[in-house]
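A.B. asks: Structural data only, the sequence is not supplied:
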């Protein structure tokens, strides 16, 4: 079976799935958008691996704050994606994390060609934009949310099958009339790639974090997050008598927010760009407590994948996030703490952080519980088998019409 997996973000576990499908004998191409700035996975074939990785859409990053520029770039990426699919000519394609304008163009062409494809639904963008309209976004974005819902529903109806990452997505698809296509497969993180390391490791030494208690956040910071909350948490921990350094690994507008808030509150902070993926275990291993952020409005439509990586790394986890989120249940099961993402939670959160930082035995216990839970929940074989069966079912339809895509110009 010739499979194309396109993950806009280039995240680790999607790449791991593609590798596993290739190991099972399938001809797999895994593509991603080069110009999208985020922490990326291992996106190059190792010696002996029979898989193709390819960046598309141009390597130049786009300023997401300039909406017109972003729209033009996402439309352009839609045509890049269509040409990419035409060239790869897969029996079945699966789309993950694709932005709405790009997805609309892709879905339109695939519908015109009557070619089945699978939507791997990681975020419900319409719900996200509607949730933030009037707060983090101007009220006029309610109209954008309406347009996104129309587009997202239309694309979902054109997909042959839909994989969602949490049961909370199912009511959305029931509303859209696409629930009969939905399969729930929760996200995971690569157990063999993100492994526990010593607290004093090379990366910690290089960044002068080996001798200081560290509160660490690694990952994207966008509309779904309140970056200033990290700084206020670190200040609350210090005010309670525990000296910690806040470390944030991120790129984008949030960096200036963090820097300004840290200066205002006199909080020591280390701000670093996204690190090479092969060093991620050391990065996460350098944190005495790893922090997850997620705004209350985002609880129903997003499952922060950094939580899953944190658990693989075997570290204590603090979640300032909605309690109903699927990732919150994992943090709680691992012995971590989950509190609402608001200032009223900081006193309790800081007390817990101080307790963990000052008790080495407790840190070890919580870290082992995190890793144990990851090993229970993130076994790749079962997830890969479910994806393989779903893709094979759709490819049985796709293979008969494979030549039509090759003829598309």
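C.D. replies: Thanks, I have it. Keep in mind it's a predicted model, so treat the numbers as computed, not measured.

A.B. asks: contacts and neighbour counts: CA atoms only from here.
C.D. replies: Noted.

A.B. asks: Please, which helix or strand holds the spatially closest residue to residue 270 that is not a sequence neighbour?
C.D. replies: Computed as Cα to Cα, 6 or more residues apart in numbering, the closest residue to residue 270 that is not its neighbour in sequence is residue 247, at 4.7 Å. Assessed by DSSP states H and E, residue 247 sits inside strand 245-249.

A.B. asks: and residue 257, how far is that from residue 227?
C.D. replies: 7 Å (Cα to Cα, to the nearest Å).

A.B. asks: and those two? which has more neighbours close in?
C.D. replies: The neighbour count for residue 257 versus residue 227, taken as other Cα atoms under 10 Å, is higher for residue 227 (21 against 14).

A.B. asks: On the pLDDT front, check that one for me.
C.D. replies: At residue 227, the model reports a pLDDT of 93.

A.B. asks: my guess is it contacts residue 258, does it?
C.D. replies: Yes: assessed by Cα atoms under 8 Å, residue 227 is found in contact with residue 258 at 6.3 Å.

A.B. asks: Which residue ranges of the stretch 101-250 of the chain form strands?
C.D. replies: Applying DSSP state E, counting those that start in this stretch to the stretch 101-250 of the chain gives strands spanning 117-121, 161-164, 182-184, 214-218, 245-249.

A.B. asks: So which bits of stretch 274-283 are buried?
C.D. replies: 274-275, 277, 280-283 (16 or more other Cα atoms under 10 Å).

A.B. asks: Out of the residues you listed, which comes closest to residue 331?
C.D. replies: Comparing the buried residues of stretch 274-283 against residue 331 with Cα to Cα picks out residue 281 as the nearest, at 18.4 Å.

A.B. asks: Tell me who's in contact with the most centrally placed residue in the chain.
C.D. replies: Centroid-nearest residue in the chain: residue 305, 4.5 Å away (criterion: Cα atoms, centre = their mean). Residues in contact with residue 305 (Cα atoms under 8 Å, 6 or more residues apart in numbering) are 187-189.

A.B. asks: If you rank those residues by neighbours, which is first?
C.D. replies: residue 189 (27 neighbours).

A.B. asks: Next, the contact list for that one, please.
C.D. replies: 12-13, 305, 308-309, 312, 378.

A.B. asks: now it: how far from residue 207?
C.D. replies: As judged by Cα to Cα, residue 189 and residue 207 stand 25 Å apart.

A.B. asks: Identify, among the helices and strands of the protein, the element with the weakest mean pLDDT.
C.D. replies: In the chain, no helix or strand scores lower on mean pLDDT, DSSP states H and E than helix 402-406, which sits at a mean of 42.

A.B. asks: Quickly find the element holding residue 290.
C.D. replies: strand 289-293.
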